[in-house]
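Undergrad: This is a predicted model, with the sequence first.
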Amino acid sequence: ERLAIVVLEDVHWAGPGLLDAIEFLVHDLVTARRDCRLVLVVTRRTFAVAPEIESTLARLERLPGIRTVSLRPMREIDLDELLRGFGVDPPGRQLVGLMYERSRGNPLYVREALRRIADLDGFVHRAGRIETTVPATELGAPADLGELVERRLATLPDDVVDLLALAAVAGDTFDAAVLDAVGGERTDDLLTTAARAGIIAETAAGYRFTHAVQRAALYDGLPRERRRLHHRTLAAALDRLPEEQRSGHLLELAHHLLEAGLDDAPAHVAFDLWEAGRRAAAFADWAASARCYEGAITIASRAGADPGTVAWMKYWAGGSHDNHYDAARALRRYDEAITVARERGDVELWARAALAAATRVSITAKGASTGNVDPSSLTEALASLDDGNPRLRARLLRKYAEMQYQAGDLEGGLGNAQDAVDLAHRAGDREVILRCQSTLAFGHLFAGRASVARDLLTEVHRGTASGASTITSGFTLSRLALACLALGRLAEAERAAHDAYAVFEVAQHHTGTCLAETILADTLFRTGDTSAAHTHARNAERLYRISEYSFVPSMLYPALAESRSRAGDAAGAHAAIEAWRACGERGAALPEILVTARAGDIDRARTMFERRAHALGRMLHPDALAPGRLGALAEIAWRLREPALARQVLGALDALPDHDVVFGPGLPFHTAATRALALAVAGEPAADAFDDALVALERIGADAVAAHARALRTEVVPLPT
């Protein structure tokens, strides 16, 4: 069978003769059923395309047997990757947001905008990332698109173009009634003329520009002072609307106030901006939300508002910066709110801000996944908050428990998580109850009781399915996937991780999506679907660059190293470990020794082991025991013939209460399999222990783990001398 590939690049330039020829070719291949398949690739603009081209493409799509695949525009995460590809690495959040807002996924625009910023010497380094000092209005549209729009506007009367310029200031979508209030007479007639020309289109809610580039060309063509005047005029018009209408236009009012400048803004709009920030947050438009809150803070502070009110504004502003992954600004606002709350005795604000700050630090701080975080601000807030506010106290205890898990204090964390559950029940807040139960289950997973964690998380998931927030549902599903993964229930783990990914993707929650992609990658590596696994791993790495979610390196890179090591790709495994180290996170030493030993470089592995013997010994101390490392340590003991290490592993296993699974890099070892391996290395009879392990693994359906244990039994028993 033959394959024909036809590429129509920039189809809007195609003449009628070429279109006729292409249509004839496609029709002939499809209807004559020739021994050939056709792939037709069409790239086109989404505006200013001639009607005959649209109709030709529509006819082709209706042919029998034709299947069409439409590629979506780039998302914000894709823009981050594209900027790195252009050498802007790492790009700052503001720069990514600016490029996304202006380009709407047009890579040509991004390239031209970066050249413009470079020409203006507008790149700056802030907090280790690359930002720009060039305002959006200096960027303009790509030259050829701008010229195309200018040619279309040149055919319209001047009064239509003037009104369109005002509409461009109003936004991508706008209300004709608002323009009528400031644009004078004949507004409806002028808008009708513009709609006939295809510049704007009427919708149920008013009008919209048919393409963002057309609006950008009009907006950028206005002198700066005239733009600001238009924004000020539109803001005043919206401010004068009757209250029920004004409330519906609050986000637009906030936008125009901010663009016009706040120097002469009246004091009463501070609370309008605060409410606009809240509404933008409800739409997950975190950049707009943060900007609105910051405007509210500026006006309220200038007007001498109550410091306590301003502190609350700073707390909410911190939350929006937090969700927009601007950790430095978020923490600064949280700290300012905490300072005022302490001075004024506002315990609720203090506790909320301390909780938010601890959450941000425990997610993104370097070394956070290994507990290298100071929880003092959270514990101080806990000490100041009595049981009179059980809901808030439960939330603080829940976060403190998670930080204790990270630091290896599992029993302390489990105790606080249980207290948090009890307080949440007392408060009667179902959402908080589910979150605290999820954290309690996560502690059992950390402690090696994966079956207990899975049962608890299954119950929590049933609860989240009937009305809990998407974020609670997403993290519960992610933890359920981890518990299933630990038990070797790979099909269940994959299903839960896919569901978590879908939840976070819809919510545009990059941190959660990053976690779900990481778990999916690990799961697929274990099932042997390495192609799909590497796709998810790459997506997780890209998302990590934005979210800097501290759990990801210690989950993703061991899985990458494990899969490549088992495939015989020692170089690839070491590359994954180096990428882990480049993140600034700790914990790469153990898998590095294991990967090196598996590759057959025993002398180097032994040297690394001896150099880190003290650190490895600390891992096995009862006060700092991390069950996840035992499987890897047992295999290292076997490969390096270290019976003393094997005996330490056996002692650590005995110290674990009610355990059933321990995690190693990549495939987790069931406790019984780890014990069998350690017994064999220590010179004890191990055949029966391996048989017991296989029975235990088959009982829980952990087929992939059982296959690995069976292979180890063949290699280890009897152990070569």
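TA: Nice, thanks for sending it over.
Undergrad: Enumerate every residue touching H536.
TA: Listed by C-beta atoms under 8 Å, 6 or more residues apart in numbering, the contact partners of H536 are E517, T518, L520, A521, L524. Yep, even glycine has a C-beta here, placed from its N, CA and C like the rest.
Undergrad: again with Q404
TA: By C-beta under 8 Å, 6+ apart, the residues touching Q404 are L410, G412, G413, N416.
Undergrad: among the residues you listed, which ones are buried?
TA: Among those, the ones that count as buried by 16 or more other C-beta atoms under 10 Å are L410, G413, N416.
Undergrad: Now the second one: closest residue in space that isn't a chain neighbour?
TA: Read that as G413. Closest residue to G413 apart from its sequence neighbours, by C-beta to C-beta, 6 or more residues apart in numbering: Q404 at 3.4 Å.
Undergrad: Pretty sure that neighbour sits in a helix.
TA: Yes: assessed by DSSP: H, G, I helix; E, B strand; the rest coil, Q404 belongs to a helix.
Undergrad: Got the confidence number for it?
TA: We have a pLDDT of 92 for Q404.
Undergrad: again with T721
TA: On the pLDDT scale, T721 gets 47.
Undergrad: before we move on, the earlier item: now flag whichever of the buried ones among the contacts of Q404 is closest to A311.
TA: Closest approach between the buried ones among the contacts of Q404 and A311, by C-beta to C-beta: N416, at 27.6 Å.
Undergrad: phi, psi of the closest one?
TA: Torsion angles at N416 (phi, psi; degrees, to the nearest 10) stand at phi -70, psi -40.
Undergrad: who are the neighbours in contact with it?
TA: By C-beta under 8 Å, 6+ apart, the contact set of N416 is L397, R398, Y400, A401, Q404.
Undergrad: And it, how far from L423?
TA: As judged by C-beta to C-beta, to the nearest Å, N416 and L423 stand 10 Å apart.
Undergrad: repeat for L241
TA: 45 Å.
Undergrad: Comparing the two, which residue is more hemmed in?
TA: A count of neighbours by other C-beta atoms under 10 Å puts L423 above the other of L241 and L423, at 24 against 17.
Undergrad: What score does E348 have for pLDDT?
TA: 94.
Undergrad: Assign it to helix, strand or coil.
TA: helix.
Undergrad: change the start of the numbering to 382 and stick with it
TA: Right, with 382 as the first residue, what we last looked at is E729.
Undergrad: what sits against it?
TA: With contact set as C-beta under 8 Å, 6+ apart, E729 has these partners: N770, L773.
Undergrad: quick one: low-confidence parts of the stretch 982-1102 of the chain?
TA: Scanning the stretch 982-1102 of the chain for pLDDT under 70 picks out 999-1009, 1037-1051, 1081-1086, 1099-1102.
Undergrad: 80 instead?
TA: 994-1012, 1035-1054, 1074, 1077-1090, 1092-1094, 1096-1102 (pLDDT under 80).
Undergrad: Correct me if wrong: V887 contacts I852.
TA: No: using C-beta atoms under 8 Å, V887 is not in contact with I852; the gap is 11.2 Å.
Undergrad: Which one of those two is surrounded by more residues?
TA: Between V887 and I852, I852 has the larger neighbour count (other C-beta under 10 Å), namely 17 against 12.
Undergrad: Please identify which helix or strand holds that one.
TA: Of the helices and strands defined by DSSP states H and E, I852 is found in helix 851-867.
Undergrad: List the ones among the contacts of Q785 that fall in strands.
TA: Assigned to strands by DSSP state E, none of the contacts of Q785 qualify.
Undergrad: Pipe those into CSV and attach distance to F555 and pLDDT per row.
TA: Below are the contacts of Q785 laid out as CSV (distance: C-beta to C-beta, whole Å; pLDDT from 0 to 100):
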residue, distance to F555, pLDDT
L791, 57, 85
G793, 57, 93
G794, 53, 94
N797, 52, 96
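Undergrad: of all the residues you listed, which comes closest to Y925?
TA: Sorting the contacts of Q785 by distance to Y925 puts G794 at the head of the list, at 24.7 Å, by C-beta to C-beta.
Undergrad: Look up how far H825 lies from the closest one.
TA: If you go by C-beta to C-beta, the gap between G794 and H825 works out to 10 Å.
Undergrad: cool, and W697?
TA: Going from W697 to H825 by C-beta to C-beta gives 35 Å.
Undergrad: repeat for R947
TA: Distance, R947 to H825, by C-beta to C-beta: 28 Å.
Undergrad: and the two? which has more neighbours close in?
TA: Neighbours per residue, other C-beta under 10 Å: of R947 and H825, the larger number sits with H825, 23 against 18.
Undergrad: ok, that one - contacts?
TA: Taking C-beta under 8 Å, 6+ apart, one finds L795, A831, V833, A834, L837 in contact with H825.
Undergrad: Which one (most neighbours) among those?
TA: In terms of neighbours by other C-beta under 10 Å, the contacts of H825 top out with A831 at 30 neighbours.
Undergrad: just to revisit the earlier point, mind putting the buried ones among the contacts of Q785 into a markdown table with distance to R713?
TA: Conversion of these to a markdown table gives the following (distance: C-beta to C-beta, whole Å):
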| residue | distance to R713 |
| --- | --- |
| L791 | 33 |
| G794 | 29 |
| N797 | 28 |
